[in-house]
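# Structure, please.
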Amino acid sequence: MSDTPRLTCDIDDNQIATVTLNRADKLNAIDMAMFQAVNQLTKRLKNDKSVRAVIVRANGSDFCSGLDVKSLLTNRNDALKLLFKWWPTLPNDAQRFSIGWREIPCPVIFAIHGRCWGGGLQLASGGDFRIASPEANFSIMEAKWGLIPDMGGALAFRELMRQDHTLEMAMTAKVIDADTAKEYGLLTKIADDPYATAYDLALECINRSPDILAANKKLYHRTWWSSPGKALCLETWYQIKVALGKNRAIAARRERTPEDKPSYTKRQFK
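Below you'll find the model as predicted:
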């Protein structure tokens with residue numbers, strides 16, 4: 001195993017965290033060390049109230065070529081560790097690789113270039129936004145290896161794509177281009193410089209209260225497929241919580257005095 005860290009994470013003066021996949025020599029293919037690094041980082045970012053937005057990008061020619069099949073499928077113990085669950089409805093380590101980003105209470109933006117295949121696509125589908133370069137391409141690649149997508153794809157793909165498009169990609173392992181991926185709903189935007197565009201979007205988001213960013217994310221993740229009653233209940237409850245917070249008053253002052261904007265306090269919404 002290489003001593004090179006699988007991820008780097010840098011937080012700048014705007015409290016925007018840039019996470020970089022760092023296995024360029026293997027096209028950022030996902031091995032056990034990559035699973036562990038991502039899952040540890042998402043837990044840490046989830047609990048860091050000072051982080052305002054997260055951007056995920058990759059070093060090298062490709063965002064992520066998918067699973068490191070040689071590394072993982074030849075090691076039965078690693079495969080069992082990834083699939084093991086304490087309870088059937090709780091995520092295992094393979095699924096946390098994608099859905100862990102959903103639990104971070106701030107915007108998570110993926111900046112994608114080159115190949116985004118298999119587990120790489122499921123990883124990116126766990127974010128709130130996906131911005132890709134025009135030459136990027138995408139595939140639910142698991143069918144090539146006689147497998148199904150099992151890293152949270154059952155959640156993410158149903159929210160992003162029509163069922164027939166998801167089935168077509170999962171059953172054929174076909175590769176689609178960026179325009180098709182945007183048509184299918186997998187992409188938010190296509191941009192020549194995905195990271196710069198992602199950073200501009202992050203700046204737009206952090207101009208707003210960190211509490212409303214967290215509340216909106218939690219509200220729509222919890223109610224997108226819920227009953228109308230639950231959606232209306234949580235909408236009211238979360239509104240009360242953010243309205244009583246310090247950042248609601250700060251947001252109002254920022255709008256009234258744009259020439260002298262006070263800074264927001266750290267996120268309080270849970």
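# Show the residue spans covered by the strands in this protein.
Assigned by DSSP state E, the chain shows strands spanning 7-11, 16-21, 53-58, 108-112, 115-117, 129-132, 137-139, 176-177, 189-190.
# closest one to Ala243 among those strands?
Ala243 sits nearest to strand 53-58 of all those, at 22.8 Å, using Cβ to Cβ. All C-beta spots, glycine's among them, are computed from the backbone N, C-alpha and C.
# Columns mean pLDDT, distance to Leu123 and mean neighbour count on top of the strands of the chain, output as TSV?
Compiled in TSV, these are given as follows (pLDDT from 0 to 100; distance: least, Cβ to Cβ, whole Å; neighbours: other Cβ atoms under 10 Å):
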stretch	mean pLDDT	distance to Leu123	mean neighbour count
strand 7-11	97	11	15
strand 16-21	98	9	22
strand 53-58	98	8	25
strand 108-112	98	8	28
strand 115-117	98	8	27
strand 129-132	98	10	26
strand 137-139	98	12	23
strand 176-177	98	17	17
strand 189-190	98	18	18
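# quick one, which of those is nearest to Arg254?
Closest to Arg254 of the strands of the chain, according to Cβ to Cβ: strand 53-58, at 17.4 Å.
# Tell me the strands beside that closest one, with direction?
Strand pairing for strand 53-58, using DSSP bridges, gives strand 16-21 (parallel), strand 108-112 (parallel).
# export the ones you listed to TSV and tack on distance to Leu234?
What follows is those, written out as TSV (distance: least, Cβ to Cβ, whole Å):
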stretch	distance to Leu234
strand 16-21	27
strand 108-112	21
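# sorry, back to before: can you redo the strands of the chain as CSV with distance to Trp86?
What follows is the strands of the chain, written out as CSV (distance: least, Cβ to Cβ, whole Å):
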stretch, distance to Trp86
strand 7-11, 25
strand 16-21, 27
strand 53-58, 27
strand 108-112, 25
strand 115-117, 30
strand 129-132, 31
strand 137-139, 32
strand 176-177, 36
strand 189-190, 38
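# which one of the ones you listed lies closest to Arg208?
Closest to Arg208 of the strands of the chain is strand 53-58 (Cβ to Cβ; 10.6 Å).
# Quick one: distance of that closest one to the chain centre.
Remark: strand 53-58 is offset 8 Å from the chain centroid, using Cα atoms, centre = their mean, to the nearest Å.
# what is the orientation angle of that strand with strand 7-11?
Put simply, strand 53-58 runs at 150 degrees to strand 7-11, going by axes from the mean of the first three to the mean of the last three Cα atoms, to 10 degrees.
# Need the CA coordinates for strand 53-58. PDB is fine.
Only the C-alpha atoms of strand 53-58 are listed here, as PDB (Å, rounded to 0.1, in the frame of the first residue of the first chain):
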ATOM      1  CA  ALA A  53     -19.100  24.500   2.400                       C
ATOM      2  CA  VAL A  54     -17.300  21.500   1.000                       C
ATOM      3  CA  ILE A  55     -15.900  21.000  -2.500                       C
ATOM      4  CA  VAL A  56     -14.700  17.600  -3.600                       C
ATOM      5  CA  ARG A  57     -12.300  17.300  -6.500                       C
ATOM      6  CA  ALA A  58      -9.600  14.900  -7.700                       C
END
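# So what touches that strand?
Here strand 53-58 makes contact (Cβ atoms under 8 Å, 6 or more residues apart in numbering) with 15-22, 24, 28, 45, 63-64, 101, 104, 106-114, 123-124, 127, 194-195, 198-199, 202, 205-206.
# Go again with 6 Å.
Residues outside strand 53-58 that contact it (Cβ atoms under 6 Å, 6 or more residues apart in numbering) are 16-21, 28, 106-111, 195, 198, 202, 205-206.
# Give me the domain ranges for this protein.
In terms of domains, the chain is parsed into 7-205, 209-256 (source: automatic domain parsing).
# Save these as a markdown table, and put in distance to Tyr264 too.
Output for the domains of the chain, formatted as a markdown table (distance: least, Cβ to Cβ, whole Å):
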| stretch | distance to Tyr264 |
| --- | --- |
| domain 7-205 | 8 |
| domain 209-256 | 5 |
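# who's in contact with Leu82?
Residues near Leu82 by Cβ under 6 Å, 6+ apart: 93-94.
# What's the separation between it and Pro258?
49 Å (Cβ to Cβ, to the nearest Å).
# So for Ala94, which of the strands paired with strand 53-58 sits nearest?
Here strand 16-21 is closest among the strands paired with strand 53-58 (Cβ to Cβ), at 16.7 Å.
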